[in-house]
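A.B. asks: need a structure here:
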Amino acid sequence: MRNRNLLSLALTAGAAAVLVAAPATNAVKIPRIPGGLPRAPKVTQYRATLDVAGYIEVKSELDDTQECAPGRDVTIEFDSSFESHGGRATRITVINGAVVSKPISNPGGLTHKGVLAAYRETNYCPPARKVELEKPSCVRSGGRFSAILGTDAGKYTAGSDDPAPLAFPVNIAIWRRGGVAQDPTCRRYLNGLHFQRHNDYELSTFDLPITGIVVPLFANDWDFVGLRKGQWLRRTISLGGACDKVLVSKGALGSGAKYLSKCTVRGRIYVAVRRTE
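C.D. replies: Sure, this is the predicted structure:
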């Protein structure tokens, strides 16, 4: 959706430029457009650096053991970490409130591992014959880290200084490319990861070569338009809670964000943008 909006704005700007630049001769007749020519989009663009680092941890427990019956008591811990290794050069563009950055990447900047922390089996009692149970086999992998900033144009909030103008929230997307996938016998214990109040965002442990997350940056287009040369925009994003009700917040999670669950999530993402021109 964001790319289609940017393309539409670019085409509108191009059409306006052609009409304005057309020579005033008898051979060229500019048609009358109801309401006049379309307005040129408001564009802010500058070089910047983007620094990202963070981690996501998931602890999953499943116990279906019972006396004289096949069952497994399994605890698996998934741990993923990523970093850009300092500020990476990017370019910030804001067009009529839509924010987008040039992607940054770091080869080998993302790691993922699954660890079988505890395992216990039960089985049929004699004289019944025991059945063979599949034990999870977890692996460690990694790949290229990439990140990009972008506006969620489908939402808007009141601006910090003036409640009248619309302010579009900005998200950060982080993804992994390359490396090997987590073993299916281990991945099956990754219960569905969902945010509690943000169903349109994405969450994962980067357990597959092409997977990622999309979380709110807790900043909007006005924050980027108002950023001056040498200034920083810093955010710390925290994740926590049950796997199917993950909370996301700016800064640290409150003490009330505790869940009694067999699957829990904990994470922290640090983002720093510095305008360099």
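A.B. asks: which elements pack onto the host helix or strand of V100?
C.D. replies: Taking DSSP states H and E as the criterion, V100 maps to strand 98-101. Other helices and strands packing on strand 98-101, by 3 or more CB pairs under 8 Å, 6 or more residues apart in numbering; DSSP states H and E, are helix 2-21, strand 88-95, strand 140-151, helix 221-225. The C-beta positions use only the backbone N, C-alpha and C, and glycine is treated the same way.
A.B. asks: compare these and say which comes out lowest on pLDDT.
C.D. replies: Lowest mean pLDDT within the helices and strands packed on strand 98-101: helix 2-21, at a mean of 36.
A.B. asks: what about the helix or strand that that one is followed by, average pLDDT?
C.D. replies: Next helix or strand after helix 2-21 toward the C-terminus (DSSP H and E): strand 43-63. Per-region confidence: strand 43-63 scores 94 on mean pLDDT.
A.B. asks: starting from strand 43-63, tell me which strands it pairs with and how they run.
C.D. replies: Strand 43-63 has its sheet partners listed here by DSSP bridges as strand 71-83 (antiparallel), strand 88-95 (antiparallel), strand 263-275 (antiparallel).
A.B. asks: dump the C-alpha coordinates for the first one into CSV.
C.D. replies: Taking C-alpha atoms only, strand 71-83 is exported to CSV below (Å, rounded to 0.1, in the frame of the first residue of the first chain):
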residue,chain,number,x,y,z
GLY,A,71,3.5,-37.9,26.1
ARG,A,72,6.3,-35.3,26.2
ASP,A,73,7.2,-32.5,28.7
VAL,A,74,9.1,-30.0,26.5
THR,A,75,10.7,-26.6,27.2
ILE,A,76,12.3,-24.8,24.3
GLU,A,77,13.9,-21.4,24.4
PHE,A,78,14.2,-19.3,21.2
ASP,A,79,16.6,-16.5,21.2
SER,A,80,17.2,-14.0,18.3
SER,A,81,19.4,-10.9,18.3
PHE,A,82,20.2,-8.3,15.6
GLU,A,83,22.2,-5.2,15.2
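A.B. asks: now do that strand and strand 140-151, the angle between them.
C.D. replies: For strand 71-83 against strand 140-151, the angle by axes from the mean of the first three to the mean of the last three CA atoms, to 10 degrees is 60 degrees.
A.B. asks: pLDDT below threshold where in the protein?
C.D. replies: Residue ranges of the chain with pLDDT under 70: 1-39, 153-165, 197-199, 252-261.
A.B. asks: in it, which residue is closest to the centre?
C.D. replies: V214 (1.9 Å; CA atoms, centre = their mean).
A.B. asks: elements contacting the strand or helix carrying that one?
C.D. replies: According to DSSP H and E, V214 maps onto strand 211-220. Strand 211-220 sits against strand 169-177, strand 232-242, strand 247-250, with contacts defined as 3+ CB pairs under 8 Å, 6+ apart.
A.B. asks: if we go to 6 Å?
C.D. replies: Here strand 211-220 touches strand 169-177, strand 232-242, going by 3 or more CB pairs under 6 Å, 6 or more residues apart in numbering; DSSP states H and E.
A.B. asks: now the residue nearest to the centre of the chain: how far from W175?
C.D. replies: Separation of V214 from W175 (CB to CB, to the nearest Å): 9 Å.
A.B. asks: what of P127?
C.D. replies: 54 Å.
A.B. asks: same thing with S60?
C.D. replies: S60 is 22 Å from W175, by CB to CB.
A.B. asks: what do you get for G143?
C.D. replies: 9 Å.
A.B. asks: now S81
C.D. replies: The value you get for S81 to W175, if CB to CB is used, is 14 Å.
A.B. asks: neighbour count for the two, which is higher?
C.D. replies: W175 (23 against 18; other CB atoms under 10 Å).
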